[in-house]
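Enquirer: Here is the input, now give the coordinates:
(3 chains)
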Amino acid sequence: MTLLDQKKAPAATPPGPPGPTGFAAWLRDLALGIRFAAGGGREGWIRTALTAVGVGLGVALLVTAASAPHLLEERSARSQARAESAVPGGPDARAAKTDTSVLRVNAETEYRGRTIDGWLMRADGTRPALPPGVARFPAADEMVVSPALKELLDSSEGALLRERLPNRITGTIADSGLVSPGDLVYYAGSDTLTPDNGGHRIAGYGDPSEGEEMPPVLIVLIIMICVVLLVPVAIFIVTAVRFGGDRRDRRLAALRLVGTDIRMTRRIAAGEALFGALLGLLIGAVLFLVGRQFVGHIEMWNVSVFPSDLVPDLRLTALVVVAVPLTAVVVTLAAMRSVVIEPLGVVRGGRNRRRRVWWRLLMPAAGLAVLGLTGRVDEYSPVNPYPIAGGAVLVLVGLALLLPWLIEACVNRLNGGPVPWQLAIRRLQLSSGAASRAVSGITVAVAGAVALQMLFAAVGDEFTRMTGQDPSRAQFYTFSEKVDPGAANRTIEQFKATKGVKRVIGKVEVYVTRPGKFSGDDVRPTTSLIVGDCGTLRELAQIDSCKDGDTFVVHPRNDKEMSNWVDQTARKGKEVEIGAGLGGKPMRWTLPADSPTVTVRRDPMGEDSWGIMATTGAIDPTTLPGAMTQSQIRVDQSVPDVAEYVRNTAARIDPAMRVSSLTSVARDEKYASVQRGLQVGATLTLLLIAAAMLVSQLEQLRERKRLLSVLVAFGTRRSTLGWSVLWQTAVPVVIGLVVAIAGGLGLGAALIAMLDKEVTDWWLFLPMTGAGAALILLVTLVSLPSLWRMMRPEGLRTE
Amino acid sequence: MIPVGSLLSADSLHKAYGQTPALDGASFSIHPGEVVAVMGPSGSGKSTLLHCLAGIVTPDRGTITYAGRELSAMSDAERSALRRTEFGFVFQFGQLVPELTCVENVALPLRLAGAKRKEAERTARHWLERLEVDDVAAKRPGEVSGGQGQRVAVARSLAGSPKVIFADEPTGALDSLNGERVMQLLTEAARSTNVAVVLVTHEARVAAYSDRDVTVRDGRTRDLEHAV
Amino acid sequence: MSIGHTLLGLLESGPRHGYDLKREFDEKFGHDRPLHYGQVYSTMSRLLKNGLVEVDGIESGGGPERKRYAITEAGITDVGAWLAQPEKPEPYLQSTLYTKVVLALLTGRSAETLLDTQRTEHLRLMRILTDRKRTGDLADQLICDHALFHLEADLRWLELTAARLDRLAAEVGA
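Expert: Residues are numbered from 1 along each chain as shown, chains lettered A, B, ... in the order given. Alright, predicted model coming up:
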């Protein structure tokens, strides 16, 4: 309308042609800015490239994060596809023997800290069901392995493992049968597996049921990790948009000289930033697509990913595509508000405008309040993630906002000190904005990481069982369902002969019940019968004298009720039933009347076993139905690879034998993978922040080329300037770290309170301070060569 | 060939930046307390001569002797130390550290040479007073006028009680009135403290503050008074 | 410089004896060349004849030199007119230096030495004037600056000519 009106208006000698207004003006100025960014000569290009690369890195990370849902879905889908299919008829139903059914037993093992999934399999018929990714069923002494396992077995590093898995490799498992490219899996054929020695019959593969629901506590952790890792990325993008801002302002001042008004210059600047951001989106897309091709070859902390799994979620990607350019424009407009660009120069309003603190404090306080009001999250009810994520974001972003004020307030109080310190402090006093911006990224990352680590430690006992095992008495525990004649003795002898093994306790255990009829409501008295040699029995009970053929009744310590319960089955001189409920006729055996009653002794596993104990002379263990062979092994831990020797022996005795190492802490696999994710993400985030700090540092040095030359002219030592660069980085980083640790401890304590746990360790932030120090050093060291270059006398020559 | 009694002298200096020769057989000498103007058209090599004399740039050939010591035989650290303790510098522009206050800028050479902060700033204030700019002591360079800034720079060059001051177009960015005043203050202070001044300028009126002048043309010097 | 107009201008602030006039003139304008008393006398008599000054009084028993002069209305008008009229800028088109340079080139003598010698002489005078500025009052400084700027202009010409000697030699030699 305005345009038309002006056209119709009589020629009242307007000062010039009327420019477009409103939206049209916006578009024109943005386009002008884009033209400047694209055609602004070398200077303009450097600036645009810096922004674009920075934004590109951030976008690539965001898109990768947006791929996480699909990635997790695909992985769990493939994991379920290779699980056995459910058999209709309840949890106790067993698959029927058919032409396609397969007997199998899990033969998972561990090699140098890595878990190797494996199964021993035996076909029931001629057309056995094949697990996904496997083309041919392995015959006896053959096996099919994943490519990663094949590589490991073929390498010299895998020589010991090859001893354990000697089967001939007849094929590799295709990607559809693997969770990740680094997955270590094998399927080995067997001709001796039976249901009696541990074989488990399955009808086929593919578990159509819903995957295991994640525990609520884990969901809270995952939300926190996303927030902690992605908020710094967002901050980095905001920083990248402002790369090279000082130079741009000077160029805009030249535009003011030829007659653009203040609002136009702001819009032109926004246009430049928009161009950089759009280019950044493109670079991000390229980085993501190219990086995806290589991701299959990379393995970090035992995490590897199939490129085809990295498909970003459409909605999240759309959000990134819209939000990044919008952020660029908004951030630029906001940044320009504190700068007055006059035709003859740039006036920074930052110094007159004191930063106010109250609203900056409001945000983290509000965040803590939200977390506090969310109430307790108990272990089983579903979690509403929004208040948790929202509260955490408020706290973390609030810290980032608090930082510029705090840095300014601190730096303004600092004074004195040697020359490098004085130079750095004065520099920060004059303009701490750029430093604060870069450091706020660290603050969020570190605060989040501290909170998370506290959370991990506190939640730990949920995932980390303090096992009560005594690793000084034994370090390994084996367990086998295969009990053949002399199994226990052979197990003991073979382990004793293994390199590095010092002591072995071996036993055969079976459940025994009191014979007779019991009504439905009564529980049949049950206890266990443990068969072993005298040495073994002495480890399990306080036995004074023992000779082959002896039997004992073992009572728990200080537990009358349980002792009575044991005695209801272990009646001296009476019979017990062995193998009741396994189908088939149970075996009967009489407990000798002269068996002494003794008290239990805690075994190296940290467990008390009571009931009946018998030497091998009193009962032949090979005749016991449903028995299990167990052993506990003490090794000389100074022998390298001693664990692998033990596992190799175990595999030789029975490939399906389970070997677990007794350590004081056993970690839940899911919990461990979440923590691995945090490590990977935190490393990437810190590197990203280091990059941002480096760019602004180098930019600043380039601005000061002439000044640096002058300082050199009058004899300033390189080290003086080097130290000043270090202090200039260190002061804001240290302040940022203090804020981060304080905020992180607060956030962590709030989250822990929410989960109704206790803070177990207040000192977990120490490694993060180390990371901060490393960052300071890294940024300083990398900027030094450039500093030396700037300090050359050539800078004195006036152009 | 060192002229008798000279403090700083150079003989047949050659220096090239890439293919372009900047100095092609330049010679120079200055006595304690003497003000010598180095004149010549732009690009004649006068700034390069100053940079060589001050030990900022090493010449490709030729000798420079300061107080009996050969400059090219010194290490970079030694020459830096020399510049810190014996020399002072005034440039055309961009020489004050923008984040330091004026008094801190003046105190900087003293502090680099190891003086205590209080002491250095007291000396700095004295020189600011002498250069008639003590009122801007607490301001930052961005907040003072060009003339004031240049006087602060002169105060800084004098504060370290140097033996030689190197001034490269010290009035180049100033109007004549301010320029004259800066030159007057610089030469008076230098003469009264027996400091030699190497004054690079292309303005005859600035050169007129010197005791003697040397002309550089195409990288060669012509010391007319000695030649005639 | 018009001495008549200058003396008239000095009289405008009040009547004076001839001797006082000379002294005041010397103080303000005559640093380099003091006025002879005879010059004052002849000038004043010319001004009297033209009706620009009048005799204000004669000291008793004195000769002609004891006269007190005062400015007339016509004199005031004359001073005003003189001040209002701009001075004709000096065209400097007839330069001895240029003639010397061309002659040196024509006769095969070194024009460069000539220019350098002149340059040195100019700078020597500039140094002296600069030194005088240092000790003199504002009047001195202004007068010296006037001279310095002119000398600087000459020096620039000398430098420019030195830079173009080859071309000049080619032109005058051809």
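Enquirer: got the contact list for A:W723?
Expert: Going by Cβ atoms under 8 Å, 6 or more residues apart in numbering or on different chains, A:W723 touches A:P420, A:W421. For glycine as for every other residue, the C-beta is placed from the backbone atoms N, C-alpha and C.
Enquirer: Now for it, which secondary structure element holds it?
Expert: Taking DSSP states H and E as the definition, A:W723 sits inside helix A:718-754.
Enquirer: And for A:A457?
Expert: Applying DSSP H and E, one finds A:A457 within helix A:433-463.
Enquirer: mind checking the longest helix of the chain?
Expert: With no chain named, the answer covers chain A. helix A:41-81 (DSSP state H).
Enquirer: Chain B was what I was after
Expert: Longest helix in chain B by number of residues (criterion: DSSP H): helix B:176-192.
Enquirer: when you compare where the helix holding A:W723 runs with where helix A:433-463 runs, what's the angle?
Expert: Angle, helix A:718-754 to helix A:433-463, by axes from the mean of the first three to the mean of the last three Cα atoms, to 10 degrees: 40 degrees.
Enquirer: if we can go back for a sec, which element follows the longest helix of chain B toward the C-terminus?
Expert: Past helix B:176-192, the next helix or strand by DSSP H and E is strand B:196-200.
Enquirer: that older thread, quick one: buried residues of the following helix or strand past the longest helix of chain A?
Expert: For helix A:41-81, the following helix or strand on the C-terminal side (DSSP H and E) is strand A:102-106. By neighbour count with 16 or more other Cβ atoms under 10 Å in any protein chain shown, strand A:102-106 contains the buried residues A:V102, A:L103, A:R104, A:V105.
Enquirer: And for stretch A:111-124?
Expert: A:Y111, A:I116, A:D117, A:G118, A:W119, A:L120, A:M121, A:R122, A:A123, A:D124.
Enquirer: any idea whether A:G573 is helix, strand or coil?
Expert: coil (DSSP: H, G, I helix; E, B strand; the rest coil).
Enquirer: Also the one 4 residues further on?
Expert: Look at A:E577: counting by three-state DSSP, its state is strand.
Enquirer: okay, now it: neighbour count?
Expert: A:E577 has 20 neighbouring residues, counting by other Cβ atoms under 10 Å in any protein chain shown.
Enquirer: That one against A:K585, yeah?
Expert: No - judged on Cβ atoms under 8 Å, A:E577 makes no contact with A:K585 at a distance of 9.7 Å.
Enquirer: Chain B against chain A: which residues are in contact?
Expert: Chain B comes close to chain A at residues B:47, B:51, B:54, B:56-57, B:77, B:80-85, B:87-89, B:91-92, B:94-95, B:97-101, B:104, B:108-109, B:111-113, B:117, B:140, B:168, as judged by Cβ under 8 Å from any Cβ of the partner chain.
Enquirer: Out of the helices and strands in the chain, which is least certain?
Expert: I went with chain A, as the question did not name one. In chain A, no helix or strand scores lower on mean pLDDT, DSSP states H and E than helix A:2-8, which sits at a mean of 40.
Enquirer: actually chain B
Expert: Lowest by mean pLDDT, DSSP H and E among the helices and strands of chain B is helix B:224-227, with a mean of 47.
Enquirer: ok, and what's touching stretch A:138-156?
Expert: Contacts to stretch A:138-156, defined as Cβ under 8 Å, 6+ apart, come from residues A:111, A:116, A:121-122, A:134, A:136, A:158, A:161-162, A:165, A:167-173, A:177-178, A:181-192.
Enquirer: Pull out the buried members of those.
Expert: Neighbour-count burial (16+ other Cβ under 10 Å) is assigned, among the contacts of stretch A:138-156, to A:111, A:116, A:121-122, A:134, A:158, A:161-162, A:165, A:167, A:169-173, A:177-178, A:181-190.
Enquirer: Which of the residues you listed fall within helices?
Expert: Those of the buried ones among the contacts of stretch A:138-156 lying in helices (DSSP H): A:L161, A:R162.
Enquirer: which is the next helix or strand following the least confident helix or strand of chain A?
Expert: Helix A:2-8 is succeeded, C-terminally, by helix A:22-39 (DSSP H and E).
Enquirer: and that following helix with helix A:41-81, angle?
Expert: Using the same axes, to 10 degrees: helix A:22-39 against helix A:41-81 is 100 degrees.
Enquirer: Pick out the residue nearest the middle of chain B.
Expert: B:F166 (1.0 Å; Cα atoms, centre = their mean).
Enquirer: list the contacts for it?
Expert: Per Cβ under 8 Å, 6+ apart, neighbours of B:F166: B:L50, B:L53, B:A54, B:F87, B:G88, B:F89, B:V90, B:V198, B:V200.
Enquirer: Repeat that for B:D134.
Expert: B:R125, B:L128.
Enquirer: What confidence value was assigned to it?
Expert: If you check B:D134, the pLDDT there is 88.
Enquirer: Phi and psi next, for A:G291.
Expert: Phi and psi for A:G291, reported as degrees, to the nearest 10, are phi -60, psi -40.
Enquirer: Hmm, A:A60 and it touching each other?
Expert: Yes - A:G291 is in contact with A:A60 according to Cβ under 8 Å; the separation is 6.6 Å.
Enquirer: more crowded one of those two?
Expert: A:A60 (22 against 15).
Enquirer: What segments of chain B are strands?
Expert: B:8-17, B:20-30, B:35-39, B:61-66, B:69-70, B:87-90, B:164-168, B:196-200, B:212-217, B:220-222 (DSSP state E).
Enquirer: And the contacts of the second one?
Expert: Residues outside strand B:20-30 that contact it (Cβ under 8 Å, 6+ apart): B:2-3, B:6-16, B:36, B:38, B:45, B:48-49, B:52-53, B:59, B:62, B:164, B:196, B:198, B:214, B:216, B:218-221, B:223.
Enquirer: Given it, what are its sheet partners and their directions?
Expert: Sheet pairing of strand B:20-30 (DSSP bridges) gives strand B:8-17 (antiparallel).
Enquirer: now the strand it pairs with: mean pLDDT?
Expert: Taken as a whole, strand B:8-17 carries a mean pLDDT of 89.
Enquirer: ok, so of the buried residues of strand A:102-106, who is nearest C:V79?
Expert: Lowest distance from C:V79 to those (Cβ to Cβ) belongs to A:R104, with 127.7 Å.
Enquirer: ok, the closest one to A:Y186 distance?
Expert: Distance of A:R104 to A:Y186, computed by Cβ to Cβ, to the nearest Å: 12 Å.
Enquirer: Count the neighbours of B:A207 for me.
Expert: Neighbours of B:A207 under the rule other Cβ under 10 Å: 27.
Enquirer: For chain B, what lies in contact range of chain C?
Expert: B:41, B:184, B:188, B:203-205, B:207-211, B:213, B:222, B:224-225, B:228.
Enquirer: Closest residue of chain C to chain A?
Expert: C:E159 (20.4 Å; Cβ to the nearest Cβ).
Enquirer: Quick check: pLDDT value at the closest residue to that residue other than its chain neighbours.
Expert: Nearest non-adjacent residue to C:E159, counting by Cβ to Cβ, 6 or more residues apart in numbering or on different chains: B:P41, 7.1 Å away. On pLDDT, B:P41 comes in at 81.
Enquirer: so is C:V55 in a helix, a strand, or just coil?
Expert: strand.
Enquirer: Quick check: closest non-adjacent residue to it.
Expert: Nearest non-adjacent residue to C:V55 (Cβ to Cβ, 6+ apart): C:K67, at 5.2 Å.
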